[in-house]
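Novice: Predicted model, plus sequence, below.
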Amino acid sequence: MSRKTATVHSLGDYRARQRTLYFTRAELNQLLGLYSLHVTRGVWRDYAIDHFPGLARFSVFRHTHEAPAYMIIKTAASASRPSEFIVQTGRQKLRVSRNLAEALEYFRSHLRLVASGPG
């Protein structure tokens with residue numbers, strides 16, 4: 001006869017993992033403001049927003065049918081760690097912060113200056 005063992009989970013951790021996470025209106029305003037700035041400069045052309053249990057993701061694309069150029073990820077808080085915002089390209093984490101404004105500073109400090117031609 002086989003014996004089954006029980007696993008005890010923290011209810012707070014379980015709820016954090018199972019609850020679909022969304023961006024707040026203020027966070028969406030920040031994300032779309034950054035997106036529109038890059039669209040105006042001709043760098044980004046499309047975006048997608050995905051919501052998962054414990055995770056929300058804002059992806060930006062240079063071309064519609066490519067992999068995302070960048071992903072801004074919001075993770076749910078748990079009993080052992082606070083909520084985080086992660087700026088990522090591919091699998092590389094570029095910035096991790098506890099608030100969105102700090103995470104988005106990555107783009108402000110890495111903007112390229114484009115010299116205009118004569119005229």
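Specialist: Perfect, I can see it now. Numbers count the residues shown, from 1 in each chain.
Novice: count of neighbours near residue 59?
Specialist: Number of residues near residue 59 (other Cβ atoms under 10 Å) recorded here: 17. All C-beta atoms are positioned from the backbone trio N, CA, C, and that covers glycine.
Novice: For beta bridges, what are the partners of it?
Specialist: residue 48, residue 71 (DSSP bridges).
Novice: I'd guessed it sits against residue 48; true?
Specialist: Yes: with contact defined as Cβ atoms under 8 Å, residue 59 reaches residue 48; the gap is 4.7 Å.
Novice: if I look at those two, which residues touch both of them?
Specialist: Residues touching both residue 59 and residue 48 by Cβ atoms under 8 Å, 6 or more residues apart in numbering: residue 68.
Novice: Show me where this structure has its helices.
Specialist: With helices called from DSSP state H, the chain shows them at 11-18, 25-40, 100-109.
Novice: In terms of mean pLDDT, which of the ones you listed ranks lowest?
Specialist: Mean pLDDT is lowest for helix 11-18 out of these, coming in at a mean of 58.
Novice: related to what we said a few turns ago, of all the helices of the chain, which one comes closest to residue 78?
Specialist: Nearest to residue 78 among the helices of the chain is helix 11-18; the distance by Cβ to Cβ comes to 4.7 Å.
Novice: what about residue 44, neighbour count?
Specialist: Neighbourhood size, residue 44 [other Cβ under 10 Å]: 20.
Novice: Let me see the confidence value for it.
Specialist: 94.
Novice: how close does it sit to residue 80?
Specialist: As judged by Cβ to Cβ, to the nearest Å, residue 44 and residue 80 stand 35 Å apart.
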